[in-house]
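In: turn this into a model:
(2 chains)
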Amino acid sequence: AQTVTQSQPEMSVQEAETVTLSCTYDTSESDYYLFWYKQPPSRQMILVIRQEAYKQQNATENRFSVNFQKAAKSFSLKISDSQLGDAAMYFCAYRKSYGGSQGNLIFGKGTKLSVKP
Amino acid sequence: GAGVSQSPSNKVTEKGKDVELRCDPISGHTALYWYRQSLGQGLEFLIYFQGNSAPDKSGLPSDRFSAERTGGSVSTLTIQRTQQEDSAVYLCASSLTLAGSPLYNEQFFGPGTRLTVL
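Out: A predicted model of the protein is given here:
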């Protein structure tokens, strides 16, 4: 079974600084998708960034980028120029690729990010 | 357009009572997912619908949990004889699933229903 591990229950960053959230996963699949979701206190899960495993290039979305190391099964999220609005729970998630009905996400336990002004 | 909506936002019930949680997916989204978010277990997958059928119910924790989807749209998650361990936030998500395409389609989440069982 696939598993996702986030080893940092809490992280803190100073406003305008850079922070990296860690995620590792375990799978025997060769093709899959990885995601970072943000969950603010409103509970609404928001997709931050997505990475297809078959792509070697790391995904970027504005201030958010990932370091995807397929061999090491590592998928970290880097947030640059941190803003107060970035404070939230961040979840790393895995999803199988095409095939069958298994489109459900498998989540890590989450990392609570605080941003200090 | 409107996002995924869930009702009620919060539900407090007494142990042993039945509850129904509702999810309205984004119009046109064929896939619908229920997840449960609890302090002890994190985010867990419960059930997946493709249209009105549920090909994957593997995450339902017990036979007290059931779900249905009608008209390929609204879904209801029912918990019978609620227990205190059922207290959690229940999240619903929907996505397009295009036949023949990789299943990377983004899942859009609703705001969840916080269930408290006293």
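
In: need the residues of chain B near chain A, please.
Out: Counting by CB under 8 Å from any CB of the partner chain, the residues of chain B close to chain A are B:31, B:33, B:35, B:42-43, B:45, B:48, B:50, B:55-56, B:59, B:89, B:91, B:93, B:95, B:97, B:101-107, B:109-112, B:114. C-beta coordinates here come from the backbone N, C-alpha and C atoms, glycine included.

In: drop anything exposed from those.
Out: B:31, B:33, B:35, B:42-43, B:45, B:48, B:50, B:56, B:59, B:89, B:91, B:93, B:95, B:103-105, B:107, B:109-112, B:114 (16 or more other CB atoms under 10 Å in any protein chain shown).

In: which ones among those map onto strands?
Out: Here DSSP state E is the test, and these give B:31, B:33, B:35, B:42-43, B:45, B:48, B:50, B:56, B:89, B:91, B:93, B:95, B:109, B:114 as lying in strands.

In: tell me the centre residue of the chain?
Out: Picked chain A for this. With distances taken as CA atoms, centre = their mean, residue A:36 lies nearest the centre of chain A, 2.9 Å away.

In: wrong one, chain B
Out: The centroid of chain B falls nearest to residue B:34 when counting by CA atoms, centre = their mean (2.7 Å).

In: measure that one to residue A:41 for me?
Out: 22 Å (CB to CB, to the nearest Å).

In: chain A: strands as residue ranges?
Out: In chain A, the segments counted as strands under DSSP E are A:3-5, A:10-14, A:19-21, A:24-26, A:32-39, A:46-52, A:60-61, A:64-69, A:74-79, A:88-96, A:106-107, A:111-116.

In: residue B:83: which of those is closest?
Out: For these, proximity to residue B:83 was assessed by CB to CB; strand A:106-107 is nearest, at 23.0 Å.

In: which residues touch that closest one?
Out: A:2-4, A:37, A:91-95, B:42-43, B:45 (CB atoms under 8 Å, 6 or more residues apart in numbering or on different chains).

In: just to revisit the earlier point, residues contacting the residue nearest to the centre of chain A?
Out: Listed by CB under 8 Å, 6+ apart, the contact set of residue A:36 reads A:21, A:23, A:47-49, A:64, A:66, A:75, A:77, A:90-93.

In: any idea what it is bridged to?
Out: Following DSSP bridges, residue A:36 is listed with bridge partners residue A:49, residue A:92.

In: pLDDT score assigned to it?
Out: Predicted confidence (pLDDT) at residue A:36: the value is 97.

In: again with residue B:94
Out: Predicted confidence (pLDDT) for residue B:94: 92.

In: measure it to residue A:108 for me?
Out: According to CB to CB, residue B:94 and residue A:108 sit 22 Å apart.
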